[in-house]
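*Asks:* 3D model of this:
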Amino acid sequence: MRSRVHGETPRSMVKATAKVAHVAPRPQLVVVAPRRRAARFIAAGSAVVFGLMIGAAAFQTQLARRQLTIDTYDRQIRAAHEQYDVLRRERAELRSPGRLATEASALGMVPATQTQFITLTPEVVGAVQRSGAPTDRSEETTIEQEFDAYARVKAQAGSAP
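*Replies:* Okay, here's the model as predicted:
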């Protein structure tokens, strides 16, 4: 291979290298279709937006359904409060002293003119106590035990039985 010397023309240089180097044939050029990257991006974005819109519609539907349920409960609560107020008024009317006096006189009752205290005998007290339902069978007492308990209470109170 020769080195370039001043005064040689470039043409002679090309001729000289063409003999030495092997030139590869030029590859054939083919027109390639443009990539569809933008179309894929738009399709994916549209799918995401569509999914979000469906989700928002489902959320709004659930929200409306729950609001209807809440409204129904509110109406029921208001009705229950009104019923409670009606029942309180009726109770107050039924317990009023004037009404009780009217009903008592209709049944033949008369107001008391005097009051008096009565003394109960131990037998009556024992009978009343026995007439109640016992809480436990093992705690039942005899009439003598009841009289003894009554006598102890009276003795401590300062009076004889």
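*Asks:* could you pull out the helices for this structure?
*Replies:* Along the chain, the segments classed as helices by DSSP state H run 10-20, 37-94, 97-106, 122-131, 143-157.
*Asks:* Residue 46 and residue 126, how far apart?
*Replies:* Counting by CB to CB, to the nearest Å, the gap from residue 46 to residue 126 is 95 Å. C-beta: built from backbone N, CA, C; applies to glycine.
*Asks:* go on, residue 108?
*Replies:* Applying CB to CB to residue 108 and residue 126 gives a distance of 33 Å.
*Asks:* neighbour count winner among the two?
*Replies:* residue 126 (19 against 6; other CB atoms under 10 Å).
*Asks:* wait, doesn't that one sit right on residue 146?
*Replies:* Yes: the pair residue 126 / residue 146 is scored as a contact, 4.6 Å apart, by CB atoms under 8 Å.
*Asks:* how many other residues sit next to residue 76?
*Replies:* Residue 76: 10 neighbours (other CB under 10 Å).
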